[in-house]
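Undergrad: A predicted structure for the sequence below; I have some questions about it.
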Amino acid sequence: MSRLKGQPPEKGPGASRRPPRRAPSGPLGEIGAEAPFGIVVADETLLCTAANAAFASLVGAELATTAGRAFADLLPGASPALLEAARGVLADGRPRFRIPVVLEVSGQTRRADFTLYRTGAAGDGFRVVGLARDLGSLPDAGQAERSARLRPEAVAERLAKLQEVTAALSAAVTEEEVAQAVLGTGLHVLGASGGSLCFPEAGVLEVTHSAGSMDSGGEAGTPGALRAPLEEAFLREEPVWIGSSSELRGRYPALVPAGATVADASWAALPLRVRGRPIGALGIGFAGAHRFDEEERGFLEALAHQCAQAIDRARLYETQRELRAQAEEAAETRDLLVRELRRTLRERDESAALLDALFVNAPVGMALLDRDMRYVRMNDCLATLHAAPAQTLLGRTLWEVLPPIARDDLIRDFQKVVDGVLSLVERTVTAPPRVPGDRQRTFVITWYPVSVAGRLIGVGALVQEVTEQRVADESRRHLLGVVGHDLRSPLMAITASAELLQAGSLDERAARSVGRILRASGRIDGIIRALVDYTLVQGGPGVSLQARRLDLAGLARSVAEECEAAHAGREVRVTAPEPVHGEWDGDRLGQALANLVNNALQYSPDGTPVEVACWAEAAEAVVEVTNAGAPIPAELVPHLFEPFQRGTDERTQRRKGLGLGLYIAVQIAVAHGGKIRVRSDEARGTTFTVRLPRALSRASGRTT
């Protein structure tokens, strides 16, 4: 403490040892500069920025030379634990108290302890401040032991330290917290430089927690040097006391290579025992040589006992917590399963009720048969079709219930489903009139497997009467066939007469009239051809093909010329770099291409051309027909190739077409084993792509 103003100068032996008074300067100010204990300030890189005279005297340096020097350079012989503690203070801001340090100053070994704390702000940079107490020269070990025995307060101090550690351990509930208490509070109250906790893993003692000079990030070789004492203490279940580096070398000569230097230190390795068996080991390290007296050994053994009890308690707590968590999870799982089971049962009941309602009220016949072809369940609609009450049919077999007509075929279909040959079989059955004068009836019977959890339990039957639909279809096809056939004769007469008139001498008005007759006749002929083709596809033998080898590129050019002639003023451009040969029906294929090109001309602006591209791709031939018209609405694309579908363009509405052109084109492509796809957008227009195999397969030639 600095002298008060007017106070006489100090006298006596202590006055000569006090450093001369210096003017206050730097961050320490007058009070810090003249403090009777050492003060040093370092930046975040542990470079000294300020120190007082007491600190310079402690470390044996000139005060003027301390600024700018590394912290480690100013403390010769100090343990790395002090530097680690300084870095820890900068990192977490938590002060470290009474860190023991042994210094080599002018050939003399001196003891001191440091209290470290952090100052400054994050934006301006943190600083670490060290307050150093000079504890004087290191006494002889024997003298220190005798002095300790003569001081009763040493016992009380150690008991207080043990209580402090015990309190910290009592509050720890996890192994990590126990390690923090022992290697934090414990090392502090002991004045130790480092420590470690080791536990066996797979038969090998492993360092699980460490701090200070015995941390894995500290001085190289220190944890390895302590492994042997720890293993010995664990295996022998007795403490191992090592008072100096030379004692360590003598006890374990293989640990330290010959000629290597080891900073002088001392160690204690103590087994951690619980219920008569070892569970690990505790290692404590001290800076400098140390003689462990009986009281200190008892204190360290008591600390190890408290640590072992705390570890065991933490593990039991962790086990209880895991068991409690497992029990809670099991309870949650049980509750979830109960709720899920209740929901499943409710849904099952609701599904069963819904299926019952669907089954009973279905407007078609439905039945469930077992694997032996016996009726297990039947709805009223099917019973009505059998003309018998449902109760009289349950338990009877197909052989007993079905009439002789088509019975063998239906039983074979049933067996295919049972054997897994087919997953769905549909058959059309025509039943004779029940009574004279009644009409013939037609049914569609569908068999399908019924499985539960992957196991076939029976076969379901769906029976639908289609008599009215078949009669209507037959009538429509007959009408279309008759109309198509009977219109051709008068149309041929009209066309022949118009051509004869056109060949004669006509005035301009008459020539225009004859031309209109011929064009109308051509449109009527196209409609008749479309009706005939539709009749063939829908209910007749299908599209028949007469295949021969031809050039698809040449066919596309011929179709383009014909379409240009039929649409005056319009242009159809054909791009075909080389001939595309294959086996096709030229007439049918020309009809399909003409339908696509005419469709493109109808749905594109008058001043724009229609592009036709033809090329070969491996075993396929490809034709693309593109127009620049407005894109096809997305909702119409799925129905574009259905019969009697007509565009919404107002120009096509004025034309009286049937909407069969694209449908017939697709059927012709399918008959050849090919397909037609469409792409339509604003940027690229509308493109119909035809892909055909270049060789006609035997399966081709029919569509149904």
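TA: Ah, there it is.

Undergrad: which stretches of the stretch 401-550 of the chain form strands?
TA: Remark: strands assigned in the stretch 401-550 of the chain by DSSP state E, counting those that start in this stretch are 425-431, 441-452, 455-465, 548-551.

Undergrad: elements contacting the last one?
TA: Same thing as strand 548-551. The criterion is 3 or more C-beta pairs under 8 Å, 6 or more residues apart in numbering; DSSP states H and E, and the helices and strands that strand 548-551 contacts are strand 581-584. (C-beta placed from N, C-alpha, C; glycine too.)

Undergrad: Tell me which residues are up against the strand it packs on.
TA: Contact with strand 581-584 is made by 545, 547-552, 621, 672, 692-696, as judged by C-beta atoms under 8 Å, 6 or more residues apart in numbering.

Undergrad: could you flag which of these are buried?
TA: 545, 547, 550, 551, 552, 621, 672, 692, 693, 694, 696 (16 or more other C-beta atoms under 10 Å).

Undergrad: Please convert the residues you listed to TSV, extending it with pLDDT and distance to residue 575.
TA: Output for the buried ones among the contacts of strand 581-584, formatted as TSV (pLDDT from 0 to 100; distance: C-beta to C-beta, whole Å):
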residue	pLDDT	distance to residue 575
545	84	27
547	89	26
550	94	19
551	94	15
552	94	13
621	95	14
672	92	22
692	95	17
693	95	22
694	91	19
696	75	25
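
Undergrad: For the longest helix along the chain, enumerate the helices and strands it packs against.
TA: Of all the elements of type helix in the chain, the one with the most residues (DSSP state H) is helix 294-361. Judged by 3+ C-beta pairs under 8 Å, 6+ apart, helix 294-361 is in contact with helix 152-171, helix 175-180, strand 265-274, strand 277-287.

Undergrad: For the helix or strand that it is followed by, name the packing helices and strands.
TA: Later in the chain than helix 294-361, the nearest helix or strand by DSSP states H and E is strand 365-369. Applying 3+ C-beta pairs under 8 Å, 6+ apart, one finds that strand 365-369 contacts strand 375-378, helix 380-386, strand 455-465.

Undergrad: Mind doing that once more with 10 Å?
TA: helix 294-361, strand 375-378, helix 380-386, helix 398-401, helix 407-418, strand 441-452, strand 455-465 (3 or more C-beta pairs under 10 Å, 6 or more residues apart in numbering; DSSP states H and E).

Undergrad: would JSON lines of these with distance to residue 283 and mean neighbour count be doable?
TA: JSON lines is the format used below for the helices and strands packed on strand 365-369 (distance: least, C-beta to C-beta, whole Å; neighbours: other C-beta atoms under 10 Å):
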{"stretch": "helix 294-361", "distance to residue 283": "10", "mean neighbour count": "13"}
{"stretch": "strand 375-378", "distance to residue 283": "79", "mean neighbour count": "19"}
{"stretch": "helix 380-386", "distance to residue 283": "88", "mean neighbour count": "17"}
{"stretch": "helix 398-401", "distance to residue 283": "87", "mean neighbour count": "14"}
{"stretch": "helix 407-418", "distance to residue 283": "77", "mean neighbour count": "16"}
{"stretch": "strand 441-452", "distance to residue 283": "66", "mean neighbour count": "16"}
{"stretch": "strand 455-465", "distance to residue 283": "66", "mean neighbour count": "17"}
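
Undergrad: Out of these, the one nearest residue 520 is which?
TA: The minimum distance between residue 520 and the helices and strands packed on strand 365-369 falls on strand 441-452, with 40.7 Å, by C-beta to C-beta.

Undergrad: Show me what that closest one is packed against.
TA: Taking 3+ C-beta pairs under 10 Å, 6+ apart as contact, the helices and strands that strand 441-452 lies on are strand 365-369, helix 407-418, strand 425-431, strand 455-465, helix 467-503.

Undergrad: rewinding a little: of the helices and strands packed on strand 365-369, which is nearest residue 613?
TA: Nearest of the helices and strands packed on strand 365-369 to residue 613, taken as C-beta to C-beta: strand 441-452 at 43.9 Å.

Undergrad: Parallel or antiparallel, which strands does that closest one pair with?
TA: Next to strand 441-452 in the sheet, as set by DSSP bridges, lie strand 425-431 (antiparallel), strand 455-465 (antiparallel).

Undergrad: mind checking pLDDT for residue 16?
TA: Reading off the confidence values, residue 16 has pLDDT 41.
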